[in-house]
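A.B. asks: with the sequence up front, the predicted model follows.
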Amino acid sequence: MDKARGGKQHGEPMPELLQFCVSGLTVGAVYALVALGFTIIYNASDVVNFAQGEFVMIGGMTTVFVAAAGVPLPLAALVAIAVAMGIGLLLHRLAIEPARGASAVTLIIITIGASIFLRGLAQVVFDKQFHSLPSFSGDTPIAFGGAAILPQSFWVLGGAAVIVVLLWAFFNRTLLGKAVLATAANRLAARLVGINTSFVVGLSFVLSAAIGAVAGILVTPITLTSYDVGTLLALKGFAAAMLGGMGNPLGAVVGGLTVGLLEAFGAGYISSTYKDAIAFIVILAVLFVMPGGLFGKASVERV
Amino acid sequence: MLKTVLAPRFAVPLVLAVLVVGLSFALPSNFYLRVAALVWISALAVIGLNLLMGYAGQVSLGHAGFFGIGAYAVAVLPAQFSLHPLLAALAGALAAGLLAYVVGRPILRLKGHYLAVATLGFGMLIAMTISNEAWLTGGPDGMPVERLTLLGWRVRGADTWYWITGGLLVIGAWIAGNLVASPTGRALRALHDSEVAARVAGIDVARAKLTVFVISAVYAAVAGAALALVNGFVTPDKANFMHSIELVTMVVLGGMGSILGSVAGAAILVVLPQVLTSFHDYEHMVLGLIMMVIMIVLRSGIVPGLASLLTGRRK
């Protein structure tokens, strides 16, 4: 994630601050999208999907290879999103659905197995090299308040914002979205009012896969991609979702951006080798004070 | 029926001892003995983690951190302070236990996925310290470990280590079995079912959780120290979160709350990659596939799953 700070200028404090802010938000936007993917699947099915990072990888890698075959970039991106959605659906149908009713840990191990499988698949279908995509609108940094910002950063931030707005509209303005919310609130009650909850859970996997793929496509020109980028992203996205409060979409976005900013400021002002440590120290501190995350509700255990 | 035969705390270490002795005759070469020693070491760490996960119902995604502390204690202390490796291993186990005791209280107040992410962060802090403080630990490249000498006898050879690690495993399983059968073990199972109910029944929930957290950390550190001594070399990836996830996977794959399951889980994830290297590029695909299929078919893990299949057919 270092190329985002490519235009770093030393000396004046304000431009530096702005520079760290932009690079932190760019990386944070990707974490936020991964965290949103976690949240959507968790809400619909209580599954913590550790294969979430692989969707980001599939999005980036598929676009790279389809584009390399001569397909125009926008079309290649669409193909990649479709591929990711297909894999999301298969993941649900072949691995999660057959284990319905198994304990949460068992399901988590299944998704870890799936992520190892997908990583292995990617290294066979694609390769083990690092790949990049051309920036969508050039590589000339835009000077802004003394900081130099990569145009691709705006694509990542804008893309993330569009996805959040679309998701909000989907969940609040469409019948299907409300069916997903109803399933998240109470699966049995949702089934009783005629919602096909199995379909809804499948949909949540497809949706999460699409979001992850978009994140992967947007960020690949900045951070590069390879068959194994998914693991760390899943980890950061999971931490971000927890920081925000599991199951809370707003929390996922805030959590993701916070983790990104913490890393950027930690790397810039404290120590670049310990940037992940700084993010996790803050997460630990927050959880000690708010055991349910920033936006989590206190849960009551029934006996 | 089978369950009652296997359950007693003496039977499990006995079964393991028979397994260790029996395999020593069956395994054809030093290479196999070495892989088996690696299985015993992983199994030891997994038994500790299983006490925490399977009996107390608390997740830890940071146990490789404790594993790393044990491993690096054996590497660093003899090199820096010319401490005897056995004393260094003891110091590592103590340090891991102490650290678990200090961080356990605040961390174990968290539940479920929040506990998972907190332990994950904590484990990452340890791993990062190990790989960044290169002046002490050799950084990402790792560092060599002084050979173990006992009363002038240099401990070496795959067969020697096979017996030592096998012995450690049997002792570890025996202690774990006793712990499970003790009042603390009953308290753990009670709080696994319901923390509120356990508290109402008069169990000091925080203390019970902390006890098992410390014990499981010591198991991981001892396993780490053993691995460092066997390999003669340590690398930071053993403290890494991927190794933590591997340990958790071994627990669940083998069966939560089953000591024999811990050995089965460790055996699968240590032996499979060795077998699968012949699949070259398809290695990860096959490994992922096998993990998914086992978990779908035997949801409660290999040992409990097979046991219930067997007893189910007998009925």
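C.D. replies: Yep, that arrived. Numbers count the residues shown, from 1 in each chain, chains lettered A, B, ... in the order given.
A.B. asks: point out the residues in the stretch 101-250 of chain B that sit beside chain A.
C.D. replies: Proximity of the stretch 101-250 of chain B to chain A, by Cβ under 8 Å from any Cβ of the partner chain, involves residues B:106-107, B:109-111, B:113-114, B:116-118, B:120-122, B:124-125, B:128-129, B:132, B:194-197, B:200, B:241-242, B:245, B:248-249. The way it works is simple: take the backbone N, C-alpha and C, and place the C-beta from them, glycine included.
A.B. asks: the closest residue in space to B:Tyr101 that isn't next to it in sequence: neighbouring residues, count only.
C.D. replies: Distances taken as Cβ to Cβ, 6 or more residues apart in numbering or on different chains put B:Val214 closest to B:Tyr101, at 5.2 Å, once the chain neighbours are dropped. By the criterion of other Cβ atoms under 10 Å in any protein chain shown, B:Val214 has 20 neighbours.
A.B. asks: do you know how far B:Val214 is from B:Gly288?
C.D. replies: Distance of B:Val214 to B:Gly288, computed by Cβ to Cβ, to the nearest Å: 34 Å.
A.B. asks: buried stuff in stretch B:134-152?
C.D. replies: B:137-139, B:142-143, B:145-146, B:148 (16 or more other Cβ atoms under 10 Å in any protein chain shown).
A.B. asks: off-centre distance for it?
C.D. replies: Taking the mean C-alpha point of stretch B:134-152 and that of its whole chain, the gap between them comes to 21 Å (Cα atoms, centre = their mean, to the nearest Å).
A.B. asks: span of it from start to end?
C.D. replies: Across stretch B:134-152, the terminal residues are separated by 31 Å (Cα to Cα, to the nearest Å).
A.B. asks: do me a favour and average the pLDDT over that stretch.
C.D. replies: For stretch B:134-152, mean pLDDT is 86.
A.B. asks: got a list of contacts for it?
C.D. replies: With Cβ atoms under 8 Å, 6 or more residues apart in numbering or on different chains as the test, stretch B:134-152 has contacts from B:72, B:74-76, B:78-80, B:85-86, B:130-133, B:154-156, B:228-229, B:231-236.
A.B. asks: out of the residues you listed, which sit inside strands?
C.D. replies: Among the contacts of stretch B:134-152, DSSP state E puts B:154, B:233-234 in strands.
A.B. asks: buried ones among these?
C.D. replies: Looks like the ones in strands among the contacts of stretch B:134-152 have B:Val234 buried, using 16+ other Cβ under 10 Å.
A.B. asks: can you count the residues close to the residue of the stretch 51-200 of chain B found nearest chain A?
C.D. replies: Going by Cβ to the nearest Cβ, chain A is nearest to B:Gly121 of the stretch 51-200 of chain B, at 3.4 Å. By other Cβ under 10 Å, 25 other residues sit near B:Gly121.
A.B. asks: same question, B:Leu125
C.D. replies: A count of nearby residues for B:Leu125, using other Cβ under 10 Å, gives 20.
A.B. asks: give the helix, strand or coil label for the residue nearest the centre of chain A.
C.D. replies: The centre of chain A sits closest to A:Val34, judged by Cα atoms, centre = their mean, with a distance of 1.3 Å. Assigned with DSSP: H, G, I helix; E, B strand; the rest coil, A:Val34 falls in the helix class.
A.B. asks: what strand or helix carries the closest residue in space to it that isn't next to it in sequence?
C.D. replies: Leaving aside its sequence neighbours, A:Val34 sits nearest to A:Gly237 (Cβ to Cβ, 6+ apart; 2.8 Å). Taking DSSP states H and E as the definition, A:Gly237 sits inside helix A:230-244.
A.B. asks: which other helices and strands does that helix contact?
C.D. replies: helix A:13-45, helix A:52-68, helix A:104-125, helix A:249-265, helix A:275-289, helix B:112-132 (3 or more Cβ pairs under 8 Å, 6 or more residues apart in numbering or on different chains; DSSP states H and E).
A.B. asks: recalculate using a threshold of 10 Å.
C.D. replies: For helix A:230-244, the elements it packs on are helix A:13-45, helix A:52-68, helix A:104-125, helix A:197-223, helix A:249-265, helix A:275-289, helix B:112-132, helix B:241-254, judged by 3 or more Cβ pairs under 10 Å, 6 or more residues apart in numbering or on different chains; DSSP states H and E.
A.B. asks: residue contacts, A:Phe205?
C.D. replies: Residues in contact with A:Phe205 (Cβ atoms under 10 Å, 6 or more residues apart in numbering or on different chains) are A:37, A:40-41, A:44-45, A:47, A:49, A:51-52, A:55, A:85, A:87-93, A:95-97.
A.B. asks: no no, A:Ser45
C.D. replies: Counting by Cβ under 10 Å, 6+ apart, A:Ser45 touches A:92, A:96-97, A:100, A:107, A:183-184, A:187, A:197-198, A:200-202, A:204-205.
A.B. asks: I'd like to know which of those residues is nearest to chain B.
C.D. replies: Closest approach between the contacts of A:Ser45 and chain B, by Cβ to the nearest Cβ: A:Leu107, at 8.1 Å.
A.B. asks: got the confidence number for the closest one?
C.D. replies: A:Leu107 is assigned 91 on the pLDDT scale.
A.B. asks: ok, and the closest non-adjacent residue to it?
C.D. replies: In space, A:Leu107 is closest to A:Val47, 4.9 Å off (Cβ to Cβ, 6+ apart).
A.B. asks: and for A:Gly251?
C.D. replies: For A:Gly251, the closest residue by Cβ to Cβ, 6+ apart turns out to be A:Gly244, at 2.5 Å.
A.B. asks: thought that neighbour was touching A:Val253?
C.D. replies: Yes - A:Gly244 lies in contact with A:Val253 (Cβ atoms under 10 Å); the separation is 7.3 Å.
A.B. asks: what do those two both touch?
C.D. replies: Jointly contacting A:Gly244 and A:Val253 under the rule Cβ under 10 Å, 6+ apart are A:32, A:35-36, A:39, A:295.
A.B. asks: go ahead and build a ChimeraX selection from the buried members of those residues.
C.D. replies: ChimeraX command restricting the shared contacts of A:Gly244 and A:Val253 to the buried ones, with burial defined by 16+ other Cβ under 10 Å:
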select /A:32,35,36,39,295
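A.B. asks: quick one: which of the shared contacts of A:Gly244 and A:Val253 is nearest B:Tyr219?
C.D. replies: Nearest to B:Tyr219 out of the shared contacts of A:Gly244 and A:Val253 is A:Ala35 (Cβ to Cβ; 32.9 Å).
A.B. asks: so where's chain B uncertain?
C.D. replies: In the predicted model, chain B carries pLDDT under 70 at residues B:1-8, B:313-315.
A.B. asks: hmm, 50 instead?
C.D. replies: Within chain B, the stretches with pLDDT under 50 are B:314-315.
A.B. asks: biggest helix in it by residues?
C.D. replies: Ranked by residue count and defined by DSSP state H, the top helix of chain B is helix B:205-231.
A.B. asks: that helix versus helix B:112-132: what angle between them?
C.D. replies: Comparing the axes of helix B:205-231 and helix B:112-132 via axes from the mean of the first three to the mean of the last three Cα atoms, to 10 degrees yields an angle of 40 degrees.
A.B. asks: burial count for A:Thr63?
C.D. replies: The burial count for A:Thr63: 28, using other Cβ under 10 Å.
A.B. asks: right, I mislabeled it, should have said A:Val286
C.D. replies: 17.
A.B. asks: wait, it sits on A:Phe295?
C.D. replies: No - assessed by Cβ under 10 Å, A:Val286 is found out of contact with A:Phe295, at 11.2 Å.
A.B. asks: joint contacts of these two?
C.D. replies: By the contact definition Cβ under 10 Å, 6+ apart, A:Val286 and A:Phe295 are jointly contacted by A:243-244, A:255.
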